[in-house]
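Participant: here you go, sequence then predicted model.
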Amino acid sequence: MQTSRGMVHQKKSYYVLLQAGADIGVGEGAPLPGLSKDGDTEWLRFISYLLQEPTLPDPTALGAYTWAQTTASQAGVPVASSIIFALESAVLSLINGQPEVYYPGTFTGGSMGIPINGLVWMDDLVAMRHQAEEKVQAGFTTIKFKIGAKTWADELALLKDFRKGHSPDEIIVRVDANGAFTEDKAMRVMDALQGLCVHSIEQPIAAGNAGALRRLAREGATPMALDEEFITPMPDDERDDMLAYVGAPFWVLKPTLIGGLGTTEHLIELAHKQGARWWLTSSLESGIALTAIAQLAASHNPTLPQGLSTGKIYLEPVQHPNKLESASLFFDQAAGFDIAWLKQPDPRLVGAQ
């Protein structure tokens, strides 16, 4: 699969399985090479600590968040976003008494769906145009294109061609630049996108330049969404001040990459305080992590389409209860995780150092 980080042929995930009596909790940590700040080294160090069977936390969401942070710290893993996410998820499903339920509510009750966008995977321009049309025919009303990997002239032509057949009243268009442009080029791109009524552009320039991002947020003709800006670890107060300074109207939050579920909850609350809007995005996780992310999003009654996948990109997908109906994700109460294989310890990891 072609992504903004290059071609991905294989994707590794780690799974945390917790057991208390007959109850089981499961969480997935899926670091993304080239983007995650933690990876194999941190996971192997953490696994050797987890085998000591640390005491589980108080049975509350806040208890899960605090315990995950503390446990990662005690394991000697200074940067542990995907690890913390996996720990939080495992504890939440354990205390809810059902591996597939992280945030019980109307979504897990089956009566609520989450609107999601249709993502056009990177490919040649003809294939991307075909993908976009397939998404529309499938019922998606928000289509997201990746830009910045090809010449801007070609990408602009693709967007213009798509917009000719689908008015802004019919289809919302988002674009994601993954930090591909310089500040001045980004300003020109944002001007051009305005003419196509594009909803937002994610991370037009590389992360770490708050001054340039502030200028683009204030002067750019197309609304800006921050994405990679959340991934670099920094103290909460510094990050919160930076976000207020930049003033971007949209935030794209990836729980696996930005510090876990508790951090995501904090940022959602902060977005409301700062007047920003948000959506959650998965990042090539399997169905287990996707289930946790979808339920976190649903717990906040999202009004914007979320950037959630369906796990169908894998040749051997993990069974999960999320089902797609038109352009919304629902929780199938009759489905569940097939986690029998997780109960068999991997001999390569026992005693890992």
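Facilitator: Sure thing, it's come through.

Participant: can I assume residue 130 sits in a strand?
Facilitator: No. Under DSSP: H, G, I helix; E, B strand; the rest coil, residue 130 falls outside any strand and is assigned helix.

Participant: number of residues surrounding it?
Facilitator: A count of neighbours around residue 130, defined by other C-beta atoms under 10 Å, yields 13. The way it works is simple: take the backbone N, C-alpha and C, and place the C-beta from them, glycine included.

Participant: helices of the protein, start to end?
Facilitator: Under the criterion DSSP state H, the chain carries helices at the ranges 40-50, 61-74, 81-95, 125-137, 152-165, 183-194, 210-219, 236-246, 255-258, 261-274, 287-298.

Participant: C-alpha coordinates for the fourth one, PDB please?
Facilitator: Output in PDB follows, covering the C-alpha atoms of helix 125-137 (Å, rounded to 0.1, in the frame of the first residue of the first chain):
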ATOM      1  CA  LEU A 125      -3.800  10.200 -10.700                       C
ATOM      2  CA  VAL A 126      -6.200   8.100 -12.800                       C
ATOM      3  CA  ALA A 127      -6.400   5.500 -10.100                       C
ATOM      4  CA  MET A 128      -7.000   8.200  -7.400                       C
ATOM      5  CA  ARG A 129      -9.800   9.700  -9.500                       C
ATOM      6  CA  HIS A 130     -11.400   6.200  -9.800                       C
ATOM      7  CA  GLN A 131     -11.100   5.600  -6.100                       C
ATOM      8  CA  ALA A 132     -12.800   8.900  -5.300                       C
ATOM      9  CA  GLU A 133     -15.700   8.100  -7.600                       C
ATOM     10  CA  GLU A 134     -16.000   4.700  -5.900                       C
ATOM     11  CA  LYS A 135     -16.200   6.400  -2.500                       C
ATOM     12  CA  VAL A 136     -19.000   8.700  -3.700                       C
ATOM     13  CA  GLN A 137     -20.900   5.700  -5.200                       C
END
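
Participant: returning to what we had before: for residue 27, which of the helices of the chain is the nearest?
Facilitator: When these are compared by C-beta to C-beta, helix 81-95 sits nearest residue 27, at 3.2 Å.

Participant: against which helices or strands is that closest one packed?
Facilitator: In terms of contacts (3 or more C-beta pairs under 8 Å, 6 or more residues apart in numbering; DSSP states H and E), helix 81-95 is packed against strand 14-20, strand 23-29, helix 40-50, helix 61-74, helix 255-258, helix 261-274, helix 287-298.

Participant: could those be laid out in TSV, adding mean pLDDT?
Facilitator: Written out in TSV, the entries for the helices and strands packed on helix 81-95 read as follows (pLDDT from 0 to 100):
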stretch	mean pLDDT
strand 14-20	88
strand 23-29	92
helix 40-50	89
helix 61-74	89
helix 255-258	96
helix 261-274	97
helix 287-298	96
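
Participant: residue 101 is nearest to which of these?
Facilitator: Going through the helices and strands packed on helix 81-95 one by one, with C-beta to C-beta as the measure, helix 287-298 comes closest at 7.4 Å.

Participant: compute the inter-axis angle for the closest one and strand 23-29.
Facilitator: The directions of helix 287-298 and strand 23-29 differ by 90 degrees, with axes from the mean of the first three to the mean of the last three C-alpha atoms, to 10 degrees as the criterion.

Participant: would you mind pulling up the elements that helix 287-298 packs against?
Facilitator: strand 23-29, helix 81-95, strand 114-115, helix 255-258, helix 261-274, strand 277-280, strand 322-325, strand 328-331.

Participant: what would these look like in CSV with mean neighbour count and distance to residue 62?
Facilitator: Output for the helices and strands packed on helix 287-298, formatted as CSV (neighbours: other C-beta atoms under 10 Å; distance: least, C-beta to C-beta, whole Å):
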stretch, mean neighbour count, distance to residue 62
strand 23-29, 24, 16
helix 81-95, 28, 11
strand 114-115, 21, 24
helix 255-258, 27, 16
helix 261-274, 18, 8
strand 277-280, 22, 20
strand 322-325, 16, 25
strand 328-331, 20, 23
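
Participant: quick one: the ones you listed as a markdown table, columns for distance to residue 201 too.
Facilitator: What follows is the helices and strands packed on helix 287-298, written out as a markdown table (distance: least, C-beta to C-beta, whole Å):
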| stretch | distance to residue 201 |
| --- | --- |
| strand 23-29 | 30 |
| helix 81-95 | 25 |
| strand 114-115 | 20 |
| helix 255-258 | 19 |
| helix 261-274 | 18 |
| strand 277-280 | 14 |
| strand 322-325 | 26 |
| strand 328-331 | 24 |
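
Participant: quick one, phi psi at residue 276?
Facilitator: Backbone torsions for residue 276, taken as degrees, to the nearest 10, come to phi -100, psi 160.

Participant: just checking, it touches residue 252?
Facilitator: No. In this structure, residue 276 is not within contact of residue 252 by C-beta atoms under 8 Å, at 10.6 Å.

Participant: so between these two, which is more surrounded?
Facilitator: residue 252 (23 against 20).
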